[in-house]
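1. here is the input, now give the coordinates:
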Amino acid sequence: MTNLIQKFSALSDATRLGVVERLMAEGELPAGAIVAEADMSAPAMSRHLKVLREAGLIHQRIEGTKRLYSVRPEAMRAIADWTMDHKKFWDASLDRLEAHLAFSEDGDDI
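-> This next block holds a predicted model:
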């Protein structure tokens, strides 16, 4: 659970969420390309990338002088699994509420 808290915390920042979404859509990108699209300095973006790396959401690969970043599929799978588990809970809760309201509409008090 601690791992998920760190992942959600990292994604709670709009810049970091945007970086992850971009990497998911475009695949591996060099740091320069990520910084070029951001409205911030390279050192500021570097700090965001570090948070994402430490949360296990992205992978950094070094190729010569380039730093290449990609999303870690296993991290996205952990988030998706957690979300789907909770979706099942809410679906079941909403189904029970719907059934209760339908039963109440038939003239019974709530």
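2. the helix or strand of the chain with the lowest mean pLDDT - contacts with which helices or strands?
-> Taking mean pLDDT, DSSP states H and E as the measure, the chain has helix 73-105 as its least confident helix or strand, at a mean of 84. Under the contact definition 3 or more CB pairs under 8 Å, 6 or more residues apart in numbering; DSSP states H and E, helix 73-105 sits against helix 2-11. Using the backbone N, CA and C atoms, a C-beta is placed for each residue, glycine as well.
3. got a list of contacts for the helix it packs on?
-> Contacts with helix 2-11, where a contact means CB atoms under 8 Å, 6 or more residues apart in numbering, come from 16-17, 20, 51-52, 54-57, 75, 78-79, 82.
4. in JSON lines, list those along with distance to residue 5 and neighbour count.
-> As requested, the contacts of helix 2-11 are exported to JSON lines (distance: CB to CB, whole Å; neighbours: other CB atoms under 10 Å):
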{"residue": "16", "distance to residue 5": "15", "neighbour count": "21"}
{"residue": "17", "distance to residue 5": "16", "neighbour count": "14"}
{"residue": "20", "distance to residue 5": "16", "neighbour count": "23"}
{"residue": "51", "distance to residue 5": "13", "neighbour count": "18"}
{"residue": "52", "distance to residue 5": "15", "neighbour count": "27"}
{"residue": "54", "distance to residue 5": "13", "neighbour count": "11"}
{"residue": "55", "distance to residue 5": "9", "neighbour count": "21"}
{"residue": "56", "distance to residue 5": "12", "neighbour count": "15"}
{"residue": "57", "distance to residue 5": "13", "neighbour count": "24"}
{"residue": "75", "distance to residue 5": "13", "neighbour count": "21"}
{"residue": "78", "distance to residue 5": "12", "neighbour count": "16"}
{"residue": "79", "distance to residue 5": "12", "neighbour count": "15"}
{"residue": "82", "distance to residue 5": "11", "neighbour count": "14"}
